[in-house]
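1. Let's see this in three dimensions:
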Amino acid sequence: MNVILLGPPGSGKGTQSSYLVKKYKLNHISTGDILRTEISSGTKLGKQARKYMIEGNLVPDQLIIDMVSKKLKKFDSVLLDGFPRTLSQAVALDLEFSKLFMKINHVLYFDVPSDELIQRLSQRLSCRNCASTFIKSEKIVCNSKPSCKEPELYQREDDKPDAISIRMKNYTDLTAPLLDFYNDKNLMKKIDANESINQVSNQIDKIMQI
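-> Purely as a prediction, here's the structure:
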């Protein structure tokens, strides 16, 4: 089974991806995690990507496509989180799946009002050690494996107000057309991601069982 998660920044894709990976035994491919690893390692790709991410812009398509293609060849079933983000990426992904004799089973779109998204992102903190995210007002409990004994928290550059505005505009301009692309293929299902974590998980389960 191969699943794609779509939705704007802060819509809860990361939280639900952990649930999906565990319950449905999917291999998690997160372009965000891959890019942050490259950045922390100081690789050439990481240095290039950091400039785009700090400004709230998307990393160029070709860099992302090549990186994801290498990952796909290693797995039989995947959960794609954060990819594709543009129509050209979606077309390239279709071609890659075809080459590997794989198909996309479900595309889940996480729908959240824009005001709620801005509030979520501005309150979000990330851990430098494991990349887990937390909300400022919540008790900090690290659920990563292995767990960070003392999470080193910071606010990502792209979660600051100026970058959030740019990220939202980029999402509307570049990513929203994906909804039409996958609608035309009868693959997309909308998730009300403004509900509780458990309620969102229940919505997903009903779709995955179809």
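
2. Quick check: the most centrally placed residue in the chain vs Gln16, distance?
-> Centroid-nearest residue in the chain, with C-alpha atoms, centre = their mean: Gly82, separated by 3.1 Å. Relative to Gln16, Gly82 is positioned 13 Å away (C-beta to C-beta, to the nearest Å). Just so you know, the C-beta spots here come from the backbone N, C-alpha and C atoms, and that holds for glycine as well.

3. So for the two, which residues contact both of them?
-> Residues touching both Gly82 and Gln16 by C-beta atoms under 8 Å, 6 or more residues apart in numbering: Leu5.

4. buried sites along the helix or strand hosting Val91?
-> Here Val91 sits within helix 87-99, counting by DSSP states H and E. Of the residues in helix 87-99, 87, 89-90, 92-93 count as buried by neighbour count, 16 or more other C-beta atoms under 10 Å.

5. From those, pick the one nearest Thr172.
-> Of all the buried residues of helix 87-99, Leu87 has the smallest distance to Thr172: 13.4 Å, by C-beta to C-beta.

6. I'd say Glu157 and Lys51 touch.
-> No. Contact criterion C-beta atoms under 8 Å: Glu157 and Lys51 do not qualify, at 10.6 Å.

7. Between the two, tell me which one has more neighbours.
-> Glu157 (13 against 10; other C-beta atoms under 10 Å).

8. Pull stretch 61-79 out as CSV, backbone CA atoms only.
-> Output of stretch 61-79 as CSV, limited to C-alpha atoms (Å, rounded to 0.1, in the frame of the first residue of the first chain):
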residue,chain,number,x,y,z
ASP,A,61,11.8,20.3,-7.7
GLN,A,62,14.7,18.5,-9.2
LEU,A,63,16.6,18.3,-5.9
ILE,A,64,13.6,16.8,-4.2
ILE,A,65,12.6,14.4,-7.1
ASP,A,66,16.1,12.8,-7.3
MET,A,67,16.2,12.4,-3.5
VAL,A,68,12.8,10.7,-3.3
SER,A,69,13.4,8.5,-6.3
LYS,A,70,16.4,6.9,-4.5
LYS,A,71,14.3,6.2,-1.5
LEU,A,72,11.3,4.7,-3.4
LYS,A,73,13.6,2.0,-4.8
LYS,A,74,14.3,0.6,-1.3
PHE,A,75,10.7,-0.1,-0.3
ASP,A,76,7.6,-2.0,-1.3
SER,A,77,5.1,0.2,0.6
VAL,A,78,5.6,3.9,1.5
LEU,A,79,4.0,6.8,3.2
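
9. Offset the numbering so it begins at 504, please.
-> Understood, numbering begins at 504; the last thing we discussed is stretch 564-582.
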